[in-house]
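Chemist: let me see the structure of the following:
(2 chains)
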2 protein chains.
Amino acid sequence: MRSKFDMQLANLNKELIEMGALCEQVIALAAKSLAEGDIKTAKKIFPLDDEIDQKERDIESMCLKMLLQQQPVARDLRQISAALKMITDMERIGDQASDIAEIIGFMGERTDRKCGDIENMARAAIKMVTESVDAYVKQDVEIAKKVISHDDVVDDYFKKIKTELIEMISKNPDDGEYAIDLVMIAKYFERIGDHATNIAEWVEFSVTGIHKGVDEL
Amino acid sequence: MRSKFDMQLANLNKELIEMGALCEQVIALAAKSLAEGDIKTAKKIFPLDDEIDQKERDIESMCLKMLLQQQPVARDLRQISAALKMITDMERIGDQASDIAEIIGFMGERTDRKCGDIENMARAAIKMVTESVDAYVKQDVEIAKKVISHDDVVDDYFKKIKTELIEMISKNPDDGEYAIDLVMIAKYFERIGDHATNIAEWVEFSVTGIHKGVDEL
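Modeler: Numbers count the residues shown, from 1 in each chain, chains lettered A, B, ... in the order given. Got it, this is the predicted structure:
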């Protein structure tokens, strides 16, 4: 028979997977609305971002309840603490997607001259988010490490896109405003990659007790 | 004799003023480090942002306690709900300042060719934040309205800066990367203005019961 803690943990994982799925959904919507120049698709992001915010609250109180009631130690404690930290990053991913949606709203429905690499970058970012949540659920350090190294791919896309857009502006300053909007969108996708990296680092901490970003843990 | 609710409210206001002061401080540090090309100043933002996050948690639990214990109605209830919403915006201001600090970290210590209007924009944003908190504490709709209309000033700065930087890139593509960094910083200051506007709108709601942004309230 499973202990109460195990049942609560299974429930927590279920909630985290759902929150992760919402994150993937908003990033995918951001990429789609950018590709199609479709403001209506972008607008779908806002209510989903609200759902993500609500999930953060729900999971947070779930974790606090587990900490207080069960007083877990060692790896169990780390797993709950990791979940508590991860949801902050997931919530930020929702914010970044909302920020992208807002910029798309201002850009209007133009899809010409868009930068194909942003779509590749978005795809890479979605993959990172999916796999970071997967790594948590499976408590798999190898998947977490893959996510962390994949961040370079996203960062390289960002550098490439920046260079392309600078060239676009220098060749045709009239496209400047459009190019600046695109570079800001790319910046938000890059930040999404950073958050997925954070999530993966918390998975490493959860399993190994060592956190790369923070020495004192 | 003051009621327990009044004392709790006074305490809440004290905390909100402190959180507001922290927000002003991080924006000012962001502006200063940008003006002086000083990464050390930028790094001071991160621990303050952590303090802002902690304040959000503290104030949040304070508000929930007041709602549960005192079951306030009408204007009292609105004031607590407004505080609960405002702190989300204040916390975001801390994030934006951190994002600016991160970009400054990547930019290195260059202060040449910088865009003077960003400093003016930062000053305008600080003013908005200070006054929005002031409006809450004084429950003064007139101050709140001033903040809301001041957002146009910040938005206009952003448009102007964008145009200037597009010109910089088109004239000298080698400065492109630097200009893009500056435009992203300006974007974050513009978002700070948006958050101050949100705070001011919650003050209006607190006093009048009407919220511009949300119909169903």
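Chemist: quick one: low-confidence parts of chain A?
Modeler: For chain A, applying pLDDT under 70 flags the ranges A:1-2, A:109-115, A:213-217.
Chemist: do that again at 80, thanks
Modeler: Along chain A, segments meeting pLDDT under 80 span A:1-2, A:108-116, A:211-217.
Chemist: helices along that one, start to end?
Modeler: Listed in chain order, the helices of chain A (DSSP state H) span A:4-36, A:39-43, A:45-70, A:74-107, A:116-138, A:141-171, A:176-208.
Chemist: in JSON lines: these, plus distance to B:Asp58 and mean neighbour count.
Modeler: (Each C-beta comes from the backbone N, C-alpha and C, glycine too.) As requested, those are exported to JSON lines (distance: least, Cβ to Cβ, whole Å; neighbours: other Cβ atoms under 10 Å in any protein chain shown):
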{"stretch": "helix A:4-36", "distance to B:Asp58": "25", "mean neighbour count": "19"}
{"stretch": "helix A:39-43", "distance to B:Asp58": "35", "mean neighbour count": "16"}
{"stretch": "helix A:45-70", "distance to B:Asp58": "15", "mean neighbour count": "16"}
{"stretch": "helix A:74-107", "distance to B:Asp58": "16", "mean neighbour count": "20"}
{"stretch": "helix A:116-138", "distance to B:Asp58": "28", "mean neighbour count": "21"}
{"stretch": "helix A:141-171", "distance to B:Asp58": "32", "mean neighbour count": "18"}
{"stretch": "helix A:176-208", "distance to B:Asp58": "23", "mean neighbour count": "23"}
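Chemist: would you list these in TSV and tack on distance to chain B?
Modeler: Below are these laid out as TSV (distance: least, Cβ to the nearest Cβ, whole Å):
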stretch	distance to chain B
helix A:4-36	16
helix A:39-43	15
helix A:45-70	9
helix A:74-107	8
helix A:116-138	14
helix A:141-171	3
helix A:176-208	3
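Chemist: in JSON lines, list these along with distance to B:Asp53.
Modeler: Listed next are these as JSON lines, based on distance: least, Cβ to Cβ, whole Å:
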{"stretch": "helix A:4-36", "distance to B:Asp53": "19"}
{"stretch": "helix A:39-43", "distance to B:Asp53": "29"}
{"stretch": "helix A:45-70", "distance to B:Asp53": "13"}
{"stretch": "helix A:74-107", "distance to B:Asp53": "9"}
{"stretch": "helix A:116-138", "distance to B:Asp53": "21"}
{"stretch": "helix A:141-171", "distance to B:Asp53": "23"}
{"stretch": "helix A:176-208", "distance to B:Asp53": "14"}
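Chemist: for B:Leu22, find the nearest of those helices.
Modeler: Minimum separation from B:Leu22 across the helices of chain A (Cβ to Cβ) falls at helix A:74-107, 18.5 Å.
Chemist: that closest one - contacts with which helices or strands?
Modeler: Where contact means 3 or more Cβ pairs under 8 Å, 6 or more residues apart in numbering or on different chains; DSSP states H and E, helix A:74-107 is packed against helix A:4-36, helix A:39-43, helix A:45-70, helix A:116-138, helix A:176-208.
Chemist: so which elements touch the last one?
Modeler: Using 3+ Cβ pairs under 8 Å, 6+ apart as the contact criterion, the elements in contact with helix A:176-208 are helix A:4-36, helix A:74-107, helix A:116-138, helix A:141-171, helix B:141-171, helix B:176-208.
Chemist: next one: the third one
Modeler: For helix A:45-70, the elements it packs on are helix A:4-36, helix A:74-107, judged by 3+ Cβ pairs under 8 Å, 6+ apart.
Chemist: quick one: which of those helices is nearest B:Ala82?
Modeler: Comparison of the helices and strands packed on helix A:45-70 against B:Ala82 by Cβ to Cβ identifies helix A:74-107 as nearest, at 21.0 Å.
Chemist: the closest one to helix B:176-208, inter-axis angle?
Modeler: Interaxial angle, helix A:74-107 versus helix B:176-208 (axes from the mean of the first three to the mean of the last three Cα atoms, to 10 degrees): 90 degrees.
Chemist: I figured A:Asp58 hits A:Lys14, correct?
Modeler: No. Proximity of A:Asp58 to A:Lys14 does not meet the contact threshold set by Cβ atoms under 8 Å, at 11.4 Å.
Chemist: between the helices and strands packed on helix A:176-208, which gets nearest to B:Thr41?
Modeler: Per Cβ to Cβ, nearest to B:Thr41 of these: helix B:176-208, 14.0 Å.
Chemist: and the angle from that closest one to helix B:141-171?
Modeler: Going by the same axes, to 10 degrees, helix B:176-208 makes 170 degrees with helix B:141-171.
Chemist: circling back: a markdown table for the helices and strands packed on helix A:176-208, including distance to B:Gln69?
Modeler: Below are the helices and strands packed on helix A:176-208 laid out as a markdown table (distance: least, Cβ to Cβ, whole Å):
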| stretch | distance to B:Gln69 |
| --- | --- |
| helix A:4-36 | 28 |
| helix A:74-107 | 26 |
| helix A:116-138 | 37 |
| helix A:141-171 | 43 |
| helix B:141-171 | 28 |
| helix B:176-208 | 20 |
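Chemist: out of those helices, nearest to A:Asp53?
Modeler: A:Asp53 lies closest, by Cβ to Cβ, to one member of the helices and strands packed on helix A:176-208: helix A:74-107, at 6.2 Å.
Chemist: understood, closing this out.
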